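Colleague: Sequence and predicted structure below; questions after.
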Amino acid sequence: MPAITNSHVVRLHRFLPFSAAHDQIYEEYQTGEDNLDLATVAISYAAEAVRAGARCVILTGDAGHGKTHMCRRLIEAGLLGHDAASARRYLLDSCDGSSAIPPASGVDCVPLRIHKDLSEIQPPSNAVQLLEEAGSRSDEALVVCANEGRLRAIINSGNAGPVCRSISALFKESFERGVTANAAGTIHIINLNYQSVAARTNERRGSLLRRVLSSWVSDGRRWGERSCGSCVHEPLCPIRRNRTLLAEQGATSELRIKRLEEVFEVLERLGHVVTIREMLMLAAYLITGGLTCSDVDRRLASGNHTKGWQHAWAFYNLLFQAPPNLPVDRADKGIPLLAALRRLDAGAVAVRRVDERILNRGEVFEPDQLDLQFLAGSSNRVALVDAALGIDDFNGNPQTRADLVREAETTGLAVAALRRRAFFDDIDGGDSVMLKLGFKFGDMFLKVLEGQLPPQDRVRVKNTMIAGLHSIQGLRIGRAETMLYLVDPAFGKASADAAIVARQVPSSRINLHPAKAAWLGGQDDRWFMPRSVDWIDRSVILRVDERLGSLKDLQLDLLSFECIGRAASGYVSEEFYANEIRRVRTFLGQLAEGATEESAQITVFTRGQLQNVSLDQGVIQVGGE
C-alpha cells in the first residue's frame, strides 16, 4: 500500500496557528463541511431575547469567543432560518450594520441588523449613532459584537445618548448582580468571557470541548478505509494512534475525553479564560501535534527507528510538553494555553501506590503499545524499550557523561508519560482529579461551589478559611477559632510575634457562596448571567456582612482558595502564592480600616495569646483572653 494523505488531517492543520494554512479558525473562511456546528447556550439566549422583544443585543468578550459564529448561527436556523449558503453570503456582505437582514420565507421574526465588529466603525461617534438608533427602530433588532474595552469606550464617550447610558448602567449591573437585560427587556448584554468550554450544560451532547473532539475523531469516514486504512503507515502513525486513544477504545476513550474536560474545568477555575478559538487550536494540536501525513511519511520512509519516537506525539504528552518538531516558545506563542496547562502536569505528581504499579511492577498497561515505546541506550547502541513493562529496562550501562545524561532524560520522559497515561486512564480510582493534580483543598472548593454542604460541613470549611486568614496575617491561632481577628495594617508586620488587632468579626457574619449564588440577579430569572452562556461556577465568594447591611466580598478562584486552605495548617509558600497573598492581605486591611468602634481597650496578639490592654485612670491594665 502507498502512503496516503488524509484530507481530514490537512483540514485540522488549518486550525493550527503555526501552520502555513492557518485559516479555518476564522468563521468567514469556513465553507461546506468545514463549518463547525457549535450550538452554544449564548446562541439560544440571543434568539430567545430577540423573540421576547429585545431591540439591542450586545455580544462582548475577548477575541476568539465565537461572536462571528453566533452571528452566522442567528442568520441560520438559530433565528432567521436561512440556509448555509445564504447565511455565509449575508455574513460576508450584510453584517456591517448598514442594512437589516430579513428572515427567510415563512419564518416569523423581526429583521436583524448585525455589525460583527464594532471596533471597525470610525469615527467612534458613528458607533454611538448605530447604538442610539436601535432605540428608535421598533420593527427590527440590532446585534453588535465588540470587545469589552472598545464597548466601554463607546458607551462612555461624550456624545453618548440615552441608549448608551442604559447600556453602561446594564454593563455595570451585569458585574455586580449578574443581570443581562434592562428592566424593559429591550437591551441585552451577553458577556462571553463567562463562557466555559468545559461546562457540561447540555448533558446529552456534552461540553463544547467534547463536541469538537468527538466531531474530529469519531467520524469513521475521516479515518477509515479510504484514508488511513489505505495508508501503509497506519500502524506506526502517531496521529492515527491519537484517534485510537480518543475514539476506538470504548469506555476508556470516553474516560480520557472526560478527563480532558475535567482538566479544562480546573484551568478555568484557576482564572484562565479559554476562548473557543483557543479550544479549537488546542484540539487540533492534541490530535496532530503539528505533524502532517508527509512528516510521518518522511520519518518512517527514512528507515531509521520505525518505533520509539511516536510517544512524544501522544495526546496526553502533547497537553503538557511540546514535541520535538515544535520549540516550546513557538508552541506557547501560538497557543498560550499550553503554558498554563504545564502547571497542571500529571506527570510531575508522584503518588507512591501508582508509581509502584506503573514504574516498578509494570502490571497496568498492555505491552507493545505505540505510545509507550521508547528508544533508550547509548549513542553507539540504541534499543527499543517498552515502558508498559516498567522502567527497569531503561537502566543500562552508560560509559560517558553524555550517555548518563541521555539515559536520565529518556527515563524522565518515560516516567512522565506513564504517570500521564495513568491519570487519563484512571488506573487508581481512589483519589479525585483535584488531588491527582496536586490541589489539596480542591474538593472542598468544589463542594462549596455545589452549594449543597450540610451545616456542620459549612462551619468546618468556614473555620478552615478563618484559620488561613489568620495565618496569612501572621497570627498563630488554632483552627477552632470562631472569631476572625483583623490585624491593624499599620502595625501588623512590626514584629513576627506581636500584632495589634484592629477589629474582630464573628464567624456568624462570614459566609462562603458560589459566584452564582452571590449575585442578586434580576426580577426575571431568564435574563441572568449563568443562563446566558455555557456556565460553570469558577470562584467562591467570601462574604463579610458588615453592619447596616453593607457586604464586603473577596472573590477566590481555585488557587486563592488553595492558598488560604494551605495557610490554615500554619505555613504557605509566600513566593509561590505571592499574588494571592497580596490580594487577601489588601482585602483584610480594608476590612480592618473600616472599623468604627471607639474603645479605650486595645487587643494585642503576642506570644501566641490575645491580650486586652486598657487605660483606666492612668493605670495600664493587661488581661488575657
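Modeller: All right, it came through fine.
Colleague: just the helices in the stretch 301-450 of the chain please.
Modeller: 315-318, 328-334, 337-341, 352-355, 401-425, 433-436, 442-450 (DSSP state H, counting those that start in this stretch).
Colleague: To residue 98, which of those helices lies closest?
Modeller: Among these, the nearest to residue 98 by C-beta to C-beta is helix 328-334 (35.4 Å). Where you see a C-beta, it was placed from the backbone N, CA and C, and this is true even at glycine.
Colleague: pLDDT averaged over that closest one, what's the number?
Modeller: In this model, helix 328-334 has an average pLDDT of 90.
Colleague: Can you name the residues that contact residue 395?
Modeller: Contacts for residue 395 (C-beta atoms under 8 Å, 6 or more residues apart in numbering) come out as 407, 411.
Colleague: That one and residue 357: what is the separation?
Modeller: From residue 395 over to residue 357 the distance is 19 Å, taken as C-beta to C-beta, to the nearest Å.
Colleague: and the gap between residue 268 and residue 196?
Modeller: 6 Å.
Colleague: More neighbours: those two, which one.
Modeller: Using other C-beta atoms under 10 Å as the criterion, residue 268 and residue 196 rank with residue 196 on top: 23 against 20.
Colleague: ok, the more buried one to residue 151 distance?
Modeller: Plainly put, residue 196 is 21 Å away from residue 151 if you go by C-beta to C-beta.
Colleague: does the residue most central in space within the chain sit in a helix, a strand or a coil?
Modeller: In the chain, the centroid-proximal residue (C-alpha atoms, centre = their mean) is residue 268; its distance is 2.2 Å. Applying DSSP: H, G, I helix; E, B strand; the rest coil to residue 268 yields a three-state assignment of helix.
Colleague: Look at residue 33 and report its pLDDT.
Modeller: Note for residue 33: predicted pLDDT of 53.
Colleague: Give the residues shared as contacts by residue 268 and residue 196.
Modeller: Counting by C-beta under 8 Å, 6+ apart, the shared contacts of residue 268 and residue 196 are 274, 536, 538.
Colleague: neighbours around the first one, how many?
Modeller: Read that as residue 274. By other C-beta under 10 Å, neighbour count at residue 274 equals 22.
Colleague: Look at it and tell me its secondary structure.
Modeller: Applying three-state DSSP to residue 274 yields a three-state assignment of coil.
Colleague: pretty sure it is touching residue 197, no?
Modeller: Yes. Residue 274 is in contact with residue 197 according to C-beta atoms under 8 Å; the separation is 5.0 Å.
Colleague: looking at the chain, which helix or strand is least sure?
Modeller: strand 619-624 (a mean of 54; mean pLDDT, DSSP states H and E).
Colleague: ok so, going back, now the common contact residues for residue 274 and residue 197.
Modeller: 264, 268.
Colleague: Quick one: the strands in the stretch 401-550 of the chain, in order.
Modeller: Remark: strands assigned in the stretch 401-550 of the chain by DSSP state E, counting those that start in this stretch are 483-487, 498-506, 510-514, 540-545.
Colleague: no, scratch that, I was asking about the stretch 101-250 of the chain
Modeller: Taking DSSP E, counting those that start in this stretch as the test, the strands found in the stretch 101-250 of the chain are 112-115, 141-146, 187-191.
Colleague: Show me what the last one packs onto, helices and strands only.
Modeller: Helices and strands touching strand 187-191, as assessed by 3 or more C-beta pairs under 8 Å, 6 or more residues apart in numbering; DSSP states H and E, comprise helix 41-51, strand 56-60, helix 162-176, helix 529-532.
Colleague: Nearest to residue 214, out of these?
Modeller: The closest of the helices and strands packed on strand 187-191 to residue 214 is helix 41-51. By C-beta to C-beta, the value is 18.3 Å.
Colleague: CA atoms only for the closest one, dumped as PDB, please.
Modeller: What follows is helix 41-51, C-alpha atoms only, in PDB (Å, rounded to 0.1, in the frame of the first residue of the first chain):
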ATOM      1  CA  VAL A  41     -26.200  28.500  25.200                       C
ATOM      2  CA  ALA A  42     -25.300  32.100  24.100                       C
ATOM      3  CA  ILE A  43     -26.900  31.500  20.700                       C
ATOM      4  CA  SER A  44     -30.100  30.200  22.200                       C
ATOM      5  CA  TYR A  45     -30.200  33.100  24.700                       C
ATOM      6  CA  ALA A  46     -29.800  35.700  22.000                       C
ATOM      7  CA  ALA A  47     -32.500  34.200  19.800                       C
ATOM      8  CA  GLU A  48     -34.900  34.000  22.800                       C
ATOM      9  CA  ALA A  49     -34.100  37.600  23.700                       C
ATOM     10  CA  VAL A  50     -35.000  38.800  20.200                       C
ATOM     11  CA  ARG A  51     -38.200  36.800  20.100                       C
END
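Colleague: and that helix, what does it pack onto?
Modeller: Using 3+ C-beta pairs under 8 Å, 6+ apart: helix 41-51 touches strand 56-60, helix 67-73, strand 141-146, strand 187-191, helix 529-532.
Colleague: residue boundaries of the helices in the stretch 501-625 of the chain?
Modeller: Under DSSP H, counting those that start in this stretch, the stretch 501-625 of the chain gives helices at 515-518, 529-532, 558-567, 578-593.
Colleague: I'd like to know which of those is closest to residue 375.
Modeller: Taking C-beta to C-beta, helix 558-567 is the member of the helices of the stretch 501-625 of the chain nearest to residue 375, at 38.0 Å.
Colleague: Quick one: distance of that closest one to the chain centre.
Modeller: Chain-centre distance of helix 558-567: 18 Å, with C-alpha atoms, centre = their mean, to the nearest Å.
Colleague: Okay then, goodbye and thanks.
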